[in-house]
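[1] need the 3D shape of this:
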Amino acid sequence: MRYFYLLFSAIIFSSAVFAQTQGDLLRQETKLDQVYSQYNLSGQGVIVAMIERGIDYKHPDFIDENGNTRIAYIFDMVDPSGANDPNNTYGVGTIYSEAQINQALSSGNQLSVMDAHGHGTASTGIAAGDGSGVAGAPYRGVAHKATLIAVELTNDPFPAGSGQAGQAGFFDPTYIPIALQFVKDKAAELGLPSVSLINLGSIGGPTDGTSDISQAIDAFVGPGRLLVCGVGDDGGGDNRGELTLGQGMNDSLVVYKGVAGNLRFEAWYPGADRMGVTVIRPDGSNSGALPTPASNSGVTQLFPAGFNYYHRGADVDFSSSTNGKRQILIDITGDTGTYIIHLTGETISDGFLSASLNPSTYAWNNEFRNHVVVGKSINDYASSLKAIVPTDYVYSNTYTDIDGVARARTGEGDPGEIWVGSSAGPTLDGRIGVDVAVPGEVNFGAYSAGTYYHRFRFLQIQGGNGLYGVQNAVSGSAPVLTGTLALMLEVNDSLTTQEAKDILHQSARTDAFTGTVPNGTWGHGKLDALAAIQATQNTLGLEPVAFEDWGISIFPNPTDGLIQYTWESYAGQQAHLTVLDLQGRIVFTTSLRQGAGQVSLENLPAGVYVLKISQQAGIAVQRLMIR
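    Alright, predicted model coming up:
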């Protein structure tokens, strides 16, 4: 039996009265506006891979100025009809190539892939949409010229309404390693660096980097291949409890179930220990002593009235973890009210137990009533050692909707504060867990007619032509970081996860809200994209050398905007060409490979510019005049 995690998903709805916001505050807040003006970056030559809920490939954000798709591949893992196609070596889902997507666009035929919910389309728009649905592109994504790969890994459930059929939920965590392998393969095929976003996950699991999914994430990343996973939307409730039992001792975790439906209690404790379990229901009835595995290869399960009980040894836990811990999982299906999980220390050498509740967020009335621990609500995927993990903070909680109504999201944090639903570290193995805080309240992403998101006019933004609307929570902030990392890869396409983490940590800014960093709430502080790009630029160069030392020629000089070059040295290596004005501002950057080539520098004012070519051998500098 597999353990299926519950998912977090923006949008988080609010019923408050709203007020208006002016200007592109997100770009100002993150200093992305300065990145664009000083570095002229766009994500070109970098893959943004969204492992999400699908995409509306017909949305103008994902179609270039020539009417062609910006999407290199779509992998619809939910549709099994193409599992045996010759181009599909993965055994699940249906794959669409760029040519097939373009054919569907030109013919008007509908591919089976869709994003009926809207989450995947909105997130992709924030990360890498080109904003072309509105003149002037005020809702342009961060890496707006990146190459896209869309993986439909999951579907969120929603009811029928507004003339739209409902949708059943779908999620199979065994698909995640397959999705990662697909992205890795296609990025290698395209010869481009990539940053992927797994925009799902929720509290539960070992959250110490040892689950099978965490191990798959760690195996996936590499130089020029980064991965983002948001910290989670489970930070607002008392959903983490801990206690320590002695030999022969008894203690209890008191759980209040305030919302109908399934409530999952999950606990982990050392494999050398053995704890007995009894459940007392809200009516006072007692389950009696429930069976405990005799060894770490043992499995026990029972289905008494009101709950399903699973207790697994350290070698057979649902997450295939390598942490050597036993797992207790109780799905509480019965009435709302107070449940007491009574624990007995039958064999104890350590005695520490950590438990979680799911769902339990600021919007849900499910909680521990004793032994409550603040933090440690990070989702399991984000606890991976090599995932880059953002949290979400409020930078503006106001906007004007499509009908001209001023809106404000109240009760979720004031500008500058952490969003109330953001999960927090540390991980259960003691790491901070969060890398950086990114603005996500409120962001605006691509919307499509006929989706669940599009039903709610109060979420559509004024001036967005019905094509853009609210995306918030960590699902709003994580795409911003994904796009920023794509810009960093545009500067240095061999950037490693550790280099990217170090840059984000060292360049993040602090203020009165973040307090002393690092900490499990804010990570290392708030994202400063300009400082991150500047620090990335510094990773490229060592000692300057002359152009001729590399056998490189750049011509003509002066130029009217077309530079031709030949490069004869350092076979097999890649270099980076950067053009700066005399004030040191970067106006153009691209990658060069061995052999002859040309670069177009259009629309630059006449003047003198500095060309810098850098690779591991060093930096070469030459002046260029543009007439």
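[2] select the longest helix from the protein.
    helix 474-491 (DSSP state H).
[3] could you measure from the closest residue to Thr514 other than its chain neighbours over to Ile418?
    Ranked by Cβ to Cβ, 6 or more residues apart in numbering and with sequence neighbours excluded, the top spatial neighbour of Thr514 is Trp522, at 4.3 Å. For the C-beta atoms, the positions are set from N, CA and C on the backbone; glycine is no exception. Here the criterion is Cβ to Cβ, to the nearest Å. By it, Trp522 lies 7 Å from Ile418.
[4] can you pull the residues that touch both of these two?
    Here Trp522 and Ile418 share the contacting residues 391, 393, 437, 513, scored by Cβ atoms under 8 Å, 6 or more residues apart in numbering.
[5] let's have those residues in CSV, adding neighbour count, distance to Asp560 and secondary structure.
    Converted to CSV, the shared contacts of Trp522 and Ile418 look like this (neighbours: other Cβ atoms under 10 Å; distance: Cβ to Cβ, whole Å; DSSP: H, G, I helix; E, B strand; the rest coil):
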residue, neighbour count, distance to Asp560, secondary structure
Thr391, 32, 48, strand
Tyr393, 25, 46, strand
Ala437, 29, 45, strand
Phe513, 18, 50, coil
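[6] which of the residues you listed lies closest to Ile330?
    Set against Ile330, the nearest of the shared contacts of Trp522 and Ile418 by Cβ to Cβ is Thr391 (28.8 Å).
[7] let me know the pLDDT of that closest one.
    At Thr391, the pLDDT value in this model is 98.
[8] I'd say it and Asp233 touch.
    No - the pair Thr391 / Asp233 is not scored as a contact, 10.2 Å apart, by Cβ atoms under 8 Å.
[9] who's more crowded, Trp522 and Ile418?
    Using other Cβ atoms under 10 Å, the more surrounded residue of Trp522 and Ile418 is Trp522, with 26 against 19.
[10] mind checking how far the more buried one is from Ala478?
    Trp522 is 15 Å from Ala478, where distance means Cβ to Cβ.
[11] which parts of the stretch 1-150 of the chain are strands?
    Using DSSP state E, counting those that start in this stretch, the strands assigned to the stretch 1-150 of the chain run over residues 47-52, 71-76, 94-97, 147-152.
[12] is it possible to get a markdown table of these that adds mean neighbour count, mean pLDDT and distance to Ile626?
    Output for those, formatted as a markdown table (neighbours: other Cβ atoms under 10 Å; pLDDT from 0 to 100; distance: least, Cβ to Cβ, whole Å):
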| stretch | mean neighbour count | mean pLDDT | distance to Ile626 |
| --- | --- | --- | --- |
| strand 47-52 | 28 | 98 | 31 |
| strand 71-76 | 24 | 98 | 33 |
| strand 94-97 | 20 | 97 | 39 |
| strand 147-152 | 27 | 98 | 29 |
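[13] out of these, which gets nearest to Tyr447?
    Nearest of these to Tyr447, taken as Cβ to Cβ: strand 47-52 at 14.9 Å.
[14] now do the end-to-end distance for stretch 138-154.
    30 Å (Cα to Cα, to the nearest Å).
[15] low-confidence bits of this structure, can you list those?
    Applying pLDDT under 70 to the chain picks out residues 1-23, 540-545, 568-573, 582-584, 593-594, 616-617.
[16] that one: helices as residue ranges?
    Under DSSP H, the chain gives helices at 25-30, 32-39, 98-107, 119-128, 175-190, 212-220, 474-491, 497-507, 529-537.
[17] mind giving me TSV with those and columns for distance to Gly45?
    Below are the helices of the chain laid out as TSV (distance: least, Cβ to Cβ, whole Å):
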stretch	distance to Gly45
helix 25-30	21
helix 32-39	14
helix 98-107	16
helix 119-128	13
helix 175-190	10
helix 212-220	21
helix 474-491	6
helix 497-507	17
helix 529-537	14
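[18] ok, and what's touching the top strand by length along the chain?
    Scanning the chain for the longest strand, with DSSP state E as the assignment, gives strand 337-347. For strand 337-347, contacts defined as Cβ under 8 Å, 6+ apart pick out 243, 245-257, 265, 267, 272-283, 289, 292, 307, 330, 332, 351, 353, 355, 369.
[19] equivalent analysis for stretch 94-108, please.
    Contacts of stretch 94-108 (Cβ under 8 Å, 6+ apart): 57-58, 63, 67-69, 71-76, 79-83, 85, 87-88, 109-113, 182.
[20] then it to PDB, C-alphas only?
    Taking Å, rounded to 0.1, in the frame of the first residue of the first chain, the C-alpha atoms of stretch 94-108 are listed here in PDB:
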ATOM      1  CA  THR A  94       0.600  11.100 -22.900                       C
ATOM      2  CA  ILE A  95       3.400  13.200 -24.300                       C
ATOM      3  CA  TYR A  96       3.000  16.100 -26.700                       C
ATOM      4  CA  SER A  97       5.900  17.600 -28.600                       C
ATOM      5  CA  GLU A  98       6.300  21.200 -29.600                       C
ATOM      6  CA  ALA A  99       5.300  20.200 -33.200                       C
ATOM      7  CA  GLN A 100       2.100  18.600 -32.000                       C
ATOM      8  CA  ILE A 101       1.200  21.600 -29.800                       C
ATOM      9  CA  ASN A 102       1.800  23.900 -32.800                       C
ATOM     10  CA  GLN A 103      -0.300  21.700 -35.000                       C
ATOM     11  CA  ALA A 104      -3.200  21.800 -32.500                       C
ATOM     12  CA  LEU A 105      -2.900  25.600 -32.300                       C
ATOM     13  CA  SER A 106      -3.000  26.000 -36.100                       C
ATOM     14  CA  SER A 107      -5.800  23.500 -36.600                       C
ATOM     15  CA  GLY A 108      -7.900  24.400 -33.700                       C
END
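[21] so for that stretch, what gets flagged as buried?
    Across stretch 94-108, burial judged by 16 or more other Cβ atoms under 10 Å covers 94-96, 98, 100-102, 104-105.
[22] show me the contacts for the residue nearest to Asp115 when sequence neighbours are not counted.
    The shortest distance from Asp115 to any non-neighbouring residue, by Cβ to Cβ, 6+ apart, is to Gly54 (3.7 Å). For Gly54, the contact set (Cβ under 8 Å, 6+ apart) comprises 76, 78, 113-117, 120-121, 150, 152, 155.
[23] quick one on the thing from earlier: and the residue nearest to Thr514, what is it in contact with?
    So Trp522 contacts 391, 393, 418, 434, 437, 513-515 (Cβ under 8 Å, 6+ apart).
[24] count of residues packed around Ile554?
    Neighbourhood size, Ile554 [other Cβ under 10 Å]: 19.
[25] with Ala449 instead?
    For Ala449, the count of nearby residues is 11 (other Cβ under 10 Å).
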